[in-house]
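J.: Provided below for reference: sequence and predicted model.
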Amino acid sequence: MKTFLISGGAGFLGSHLCKTLIKEGKVIAVDNFYTGHMSNLSSLANNPNFKFINADINQPLSINEKIDYVLNFACPASPPKYQKDPVFTLNTCYKGLANMLDLARINDAVILQASTSEIYGDPSQHPQKESYWGNVNPCGIRSCYDEGKRVGETLMFAYAQKYKVKIKVIRIFNTYGPYMDNDDGRVVSNFVVQALSEQPLTIYGNGEQTRSFCYVDDLIVGIVSMLFSEKSFQGPVNIGASFEFSIKELANIVLALTKSKSTIINKALPSDDPDRRHADISLARQKLGFNPQTTLEEGLKKTIEYFSNKINR
């Protein structure tokens, strides 16, 4: 039986991975609840193949059993939460990842790093390919996350070169779905919660900026495919949706699906907010057979149902 250690295991993506990989073996989830919630893992509480450790990966972990796979998802990913303490965010991106890499090295385990489309910054290339080096402001309000994830990728490849650690690097594009926080701060959850609460939907800027929104189930399929891919394929590889929508289009779709009477208001665009973000997933298609199946409308219906039940509770 293979053992998977998932840092950030009580978070949005980490909890989905725990529930998926428990079908493949034993899962050890590690989280310090900076953004995660134990309630996300309630369905696994009585599973004999599941173990939870309350710990901060910025401190070295002592695991007294063999680990086969390490999946590093321990970092706040929404702008309000990673900007809340930029030093903590940077430490998690570097020191925390170094501790996970050391754990993988000791166990001769495969380690997968959750990197991000944010490493492309405000891109001048569209859509973004893995070969593009990005356009990132190193001193802006988003820099702690953008640059933290960039140095994380560098650290992964340094460990692979020096210590022969078996690495996998994915770049996650805008993902949404059940188990996001009500106050996550990302646009899909913001719009859905605002619409369900009959509050105005807040668009920052003119709403013409674009994103490719990937439903979480599709993303998890891509992550697992990368984890079990051939050893020689290290990445980085883009994992996201192949279609592109403007923020204004997203707002109108959410309003239609929720039948909300909410209005739309515009506020100033935050500093360094990317104008266009669209994943080129041709490499993921070629290497992983990755082909997202969920339309934006289908994914939003499931997300709206989740938040509606959560708000009613």
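T.: Yep, that arrived.

J.: all contacts plus neighbour counts: C-alpha atoms, from now on.
T.: OK.

J.: ok, V136 - contacts?
T.: 119-122, 143, 146-147 (C-alpha atoms under 8 Å, 6 or more residues apart in numbering).

J.: Mind doing that once more with 7 Å?
T.: 120-122 (C-alpha atoms under 7 Å, 6 or more residues apart in numbering).

J.: what do you get for V188?
T.: V188 is in contact with Y176, counting by C-alpha under 7 Å, 6+ apart.

J.: Count the neighbours of the residue nearest to P86 when sequence neighbours are not counted for me.
T.: Distances taken as C-alpha to C-alpha, 6 or more residues apart in numbering put C144 closest to P86, at 5.4 Å, once the chain neighbours are dropped. Using other C-alpha atoms under 10 Å, C144 is surrounded by 23 other residues.

J.: hey, where'd the helices end up in the stretch 201-313 of the chain?
T.: Per DSSP state H, counting those that start in this stretch, the stretch 201-313 of the chain carries helices over the ranges 216-227, 247-258, 282-288, 296-312.

J.: Equivalent analysis for the stretch 1-150 of the chain, please.
T.: Using DSSP H, counting those that start in this stretch, helices in the stretch 1-150 of the chain cover 12-21, 79-84, 86-91, 97-107, 143-163.

J.: Same list (these) but as CSV, adding distance to S232 and mean pLDDT.
T.: Formatted as CSV, the helices of the stretch 1-150 of the chain follow (distance: least, C-alpha to C-alpha, whole Å; pLDDT from 0 to 100):
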stretch, distance to S232, mean pLDDT
helix 12-21, 22, 98
helix 79-84, 33, 91
helix 86-91, 29, 96
helix 97-107, 17, 98
helix 143-163, 11, 97
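
J.: Which stretch among those approaches Y176 most closely?
T.: helix 12-21 (8.9 Å; C-alpha to C-alpha).

J.: on that earlier part again, the helices of the stretch 1-150 of the chain into TSV, with extra columns for distance to S197?
T.: Below are the helices of the stretch 1-150 of the chain laid out as TSV (distance: least, C-alpha to C-alpha, whole Å):
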stretch	distance to S197
helix 12-21	22
helix 79-84	21
helix 86-91	31
helix 97-107	38
helix 143-163	30
